[in-house]
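# predicted coordinates and the sequence they were generated for:
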Amino acid sequence: MTAGVPAFLFEESEIRQGALHQVRGKRRKEEQNTAGVYCKRDAHCTGGEIVLKRARKIGATVIICVAALYTGAVFAHGAEALEDDSCMRRVGENMIHLSVYQPQNDIAGHYCTDIPAVGNTVLVVDLVEPMLREIPVGIKLIRGGSEEGDVIVDIRSSIYEDGVINTQQELGEGRHLLVVTAEGVQPLKYVYQLRVDMINYAEVFRATIGPVIGLLLITLIGYKLFKSKRFKNWMAAKRKKTTL
């Protein structure tokens, strides 16, 4: 304590300094909050903030687009309307549906024209249209891609009041043809081209195109950001601060 200066003056000085410190801290927080609010407009942002803000917006857009493409590829079958289902076949107003199962490989697996493995295979044909349950219907399974191939099974025409026809067969690798014929005043023929243990390049393409496009967009955006003058100025300012 300095000689001749009363103690209460030192106490008052310390109180004033403490209060001043609190006021400065409060103002600093208000300025930070205000900067955060005003930085919603580019005019109130620094170069680095503008770059980061735009990068976030573009990145969010890319993620949404990739997610939409990927979701469309994954759920393409499940999201289809009944008449657009790839397992459906329609002649006029009469529809049938094919379901294929290989319980020895996947107890819950449900396939259509692309069958993942050779071996025991259960094929189930649903006669969706009630009219088809009142006329004789038969099915023929042929090895190969045309009706001139070897016949594996030939189920003669019969009436299926429950609307379900099923057969269990040992399928080998390669193409097979399933032909469903309904007898009537105007005979109806439904054809399924089956692929057993074969790579479906169309499905592979649809499954990978979304992530590939997203990666290319992110790479292009990153390149443009790194080449932009604002980003370079921001990085130069950060380096200058770290060296001080």
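Noted; the coordinates are in hand. Quick caveat: nothing in here was measured; it's all calculated off a predicted structure. Residues are numbered from 1 along each chain as shown.
# okay, CA-based contacts and neighbour counts for the rest of this
OK.
# alpha carbons only: can I get stretch 214-223 in PDB?
The C-alpha trace of stretch 214-223 is given here as PDB (Å, rounded to 0.1, in the frame of the first residue of the first chain):
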ATOM      1  CA  GLY A 214     -21.200 -37.500 -54.500                       C
ATOM      2  CA  LEU A 215     -17.400 -38.200 -54.200                       C
ATOM      3  CA  LEU A 216     -16.800 -36.400 -57.500                       C
ATOM      4  CA  LEU A 217     -18.900 -33.400 -56.500                       C
ATOM      5  CA  ILE A 218     -17.100 -33.100 -53.100                       C
ATOM      6  CA  THR A 219     -13.700 -33.300 -54.800                       C
ATOM      7  CA  LEU A 220     -14.700 -30.600 -57.300                       C
ATOM      8  CA  ILE A 221     -16.100 -28.400 -54.600                       C
ATOM      9  CA  GLY A 222     -13.000 -28.800 -52.500                       C
ATOM     10  CA  TYR A 223     -10.800 -28.000 -55.400                       C
END
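# quick check: mean pLDDT of it?
Stretch 214-223 comes out with an average pLDDT of 78.
# which secondary element of the protein has the worst mean pLDDT?
helix 7-38 (a mean of 52; mean pLDDT, DSSP states H and E).
# report the buried residues of stretch 206-215.
The neighbour-count check on stretch 206-215 (16 or more other CA atoms under 10 Å) flags 206-207, 210-211, 214 as buried.
# next, the buried residues of the helix or strand containing residue 89.
Element membership of residue 89, judged by DSSP states H and E, is strand 88-91. For strand 88-91, burial by neighbour count (16+ other CA under 10 Å) applies to 88-90.
# in contact with the closest residue to residue 157 other than its chain neighbours, which residues?
With sequence-adjacent residues excluded and distances taken as CA to CA, 6 or more residues apart in numbering, residue 157 is closest to residue 138, at 3.8 Å. By CA atoms under 8 Å, 6 or more residues apart in numbering, the residues touching residue 138 are 154-158, 180-182.
# need the contact list for the residue lying closest to residue 146 once chain neighbours are set aside.
Once flanking residues are discounted, residue 146 sits nearest to residue 177: 6.6 Å by CA to CA, 6+ apart. Neighbour list for residue 177: 141-147, 191-194 [criterion: CA under 8 Å, 6+ apart].
# and the helices in the protein?
Secondary structure of the chain, counting by DSSP state H: helices at 7-38, 47-74, 201-227, 229-243.
# list the helices and strands the third one packs on?
Applying 3 or more CA pairs under 8 Å, 6 or more residues apart in numbering; DSSP states H and E, one finds that helix 201-227 contacts helix 47-74.
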